[in-house]
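Engineer: below: sequence and its predicted model.
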Amino acid sequence: MSNFALIVTMKIKPGCMEDFKKLILENAEAARRDEPGNHGFKVVASHEDENTLYFYEEYTDEEAFKAHQNAPHFKKYFEAAKDMMAERIWFKGTVIG
């Protein structure tokens with residue numbers, strides 16, 4: 001069975017990047033450490049736009065991703081970070097290689 005993957009483009013409001021990065025990196029670390037259905041969570045900074053980050057997340061299946069969204073560390077991150085977000089674009093897929 002192939003893993004479920006999520007690629008997110010996250011545009012951050014100007015002036016919020018440093019605070020946002022601390023929150024997302026804490027969330028990513030907790031997902032990798034505490035969620036058995038998480039197989040990777042990478043945060044990548046754009047070279048073209050200082051206010052854009054990309055996330056690559058991999059889970060056993062979509063149910064494991066939904067469990068991530070219900071995890072206490074995700075809820076804490078989202079509550080603290082939601083007002084820093086200007087735009088989120090999600091792509092869901094299946095890992096093929």
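Structural biologist: In hand now; what should we look at?
Engineer: was I right about residue 39 contacting residue 65?
Structural biologist: No: contact status for residue 39 versus residue 65: not in contact, 10.9 Å apart, counting by CB atoms under 8 Å. Yep, even glycine has a C-beta here, placed from its N, CA and C like the rest.
Engineer: neighbour count winner among those two?
Structural biologist: residue 65 (20 against 17; other CB atoms under 10 Å).
Engineer: correct me if wrong: the more buried one contacts residue 57.
Structural biologist: Yes: using CB under 8 Å, residue 65 is in contact with residue 57, at 7.2 Å.
Engineer: check which helices and strands the helix or strand containing residue 39 sits against.
Structural biologist: According to DSSP states H and E, residue 39 maps onto strand 38-45. Applying 3 or more CB pairs under 8 Å, 6 or more residues apart in numbering; DSSP states H and E, one finds that strand 38-45 contacts helix 17-34, strand 52-59.
Engineer: list the buried residues of that strand.
Structural biologist: Of all the residues in strand 38-45, those buried under the rule 16 or more other CB atoms under 10 Å are 38-39, 41, 43.
Engineer: pLDDT weak spots in this protein?
Structural biologist: 1 (pLDDT under 70).
Engineer: nearest residue to the middle of it?
Structural biologist: residue 55 (5.0 Å; CA atoms, centre = their mean).
Engineer: pretty sure that residue contacts residue 6?
Structural biologist: Yes: between residue 55 and residue 6 there is a contact under CB under 8 Å: 7.2 Å.
Engineer: nearest residue to residue 52 in space, please, no chain neighbours.
Structural biologist: Sequence neighbours aside, residue 46 is the residue nearest to residue 52 in space, at 3.9 Å (criterion: CB to CB, 6 or more residues apart in numbering).
Engineer: tell me, how many residues neighbour that neighbour?
Structural biologist: Around residue 46 there are 13 other residues, counting by other CB under 10 Å.
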